[in-house]
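Trainee: Sharing a sequence plus its predicted fold:
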Amino acid sequence: MTDLVVPSRPDVGTRLLFRWRKWDGAEHWVHECVYLGSDRWGDWFGQLAGWRSFRPGRDFLADAPNVTLMPPDGDHVVTVNQAPPASYRVYIDLAWDVRWDSGQPTGIDMDLDVVRTVDPRRVFIDDQDEWDEHRVAYGYPLDIVTRLEALAVDLEQRVTVESAPFDDATADAWLSRLDALDLR
């Protein structure tokens, strides 16, 4: 029997970079964030307004505080914004190989996203055109394509009914923890 190795977690309040890449290994988004802790849903990170998110060709500062959940299954990441000016409340990146690597969170962005807008709480699967293009261009394995397409539909349904951790109460508790940290 093989023992499961669980990576150590940083201390709450530790500043990190959440690094995304594409399937071919190319750099993608990098988000400045802070480790908030974990619960039964996974590891949580926070980003304050004014913290940087960047990728090749794009660089911006967060408009509002947000929290990000990295579930242990490694196939998606959930970001929840505190309030407007963001146009969405929930943004789920379908992913692959999301994990801790050398003390930093990392993952492969697989293009498909599930979004719940702020008003009127419309939920939809986004970037299907990009998904269709990249699954051919990058040669995504068929088993991964099938799994992530089914996951997108499942997540869309779960976000629509606001089941935990996609409900406001779960994210709001982590947003409160972010606000309570002295990071400014």
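Mentor: Happy to help now that I have it.
Trainee: where does this protein have low pLDDT?
Mentor: Across the chain, the ranges flagged by pLDDT under 70 are 1-7, 121, 184.
Trainee: Which residue is the nearest non-sequential neighbour of Asp113?
Mentor: Nearest non-adjacent residue to Asp113, counting by CB to CB, 6 or more residues apart in numbering: Asp126, 4.3 Å away. Heads up, the C-betas are built off the backbone N, CA and C, glycines and all.
Trainee: and the gap between the one you found and Arg99?
Mentor: Per CB to CB, to the nearest Å, Asp126 is found 24 Å from Arg99.
Trainee: Looking at those two, which is more packed in?
Mentor: Neighbour count, other CB atoms under 10 Å: between Asp126 and Arg99, Asp126 has more, with 16 against 13.
Trainee: show me the contacts for that one.
Mentor: Asp126 sits next to Leu112, Asp113, Val114, Val115 when contact means CB atoms under 8 Å, 6 or more residues apart in numbering.
Trainee: Leaving out the residues flanking it, which one is nearest to the residue most central in space within the chain?
Mentor: For the chain, the residue sitting closest to the mean C-alpha position, by CA atoms, centre = their mean, is Val77 at 2.9 Å. Distances taken as CB to CB, 6+ apart put Asp93 closest to Val77, at 4.9 Å, once the chain neighbours are dropped.
Trainee: So that neighbour: helix, strand or coil?
Mentor: Of the three states, Asp93 takes strand under DSSP: H, G, I helix; E, B strand; the rest coil.
Trainee: Next, count neighbours for it.
Mentor: With other CB under 10 Å as criterion, Asp93 counts 23.
Trainee: Name the residues linked to it by a beta bridge.
Mentor: Beta bridges link Asp93 to Val77, Asp113 when assigned by DSSP bridges.
Trainee: which residues in this protein form strands?
Mentor: With DSSP state E applied, the chain shows strands at 15-21, 27-39, 42-47, 52-55, 58-61, 66-70, 76-81, 88-101, 104-117, 123-126, listed in chain order.
Trainee: in the second one, what counts as buried?
Mentor: When you say that, I think you mean strand 27-39. Using 16 or more other CB atoms under 10 Å as the test for burial, strand 27-39 gives His28, Trp29, Val30, His31, Glu32, Cys33, Val34, Tyr35, Leu36.
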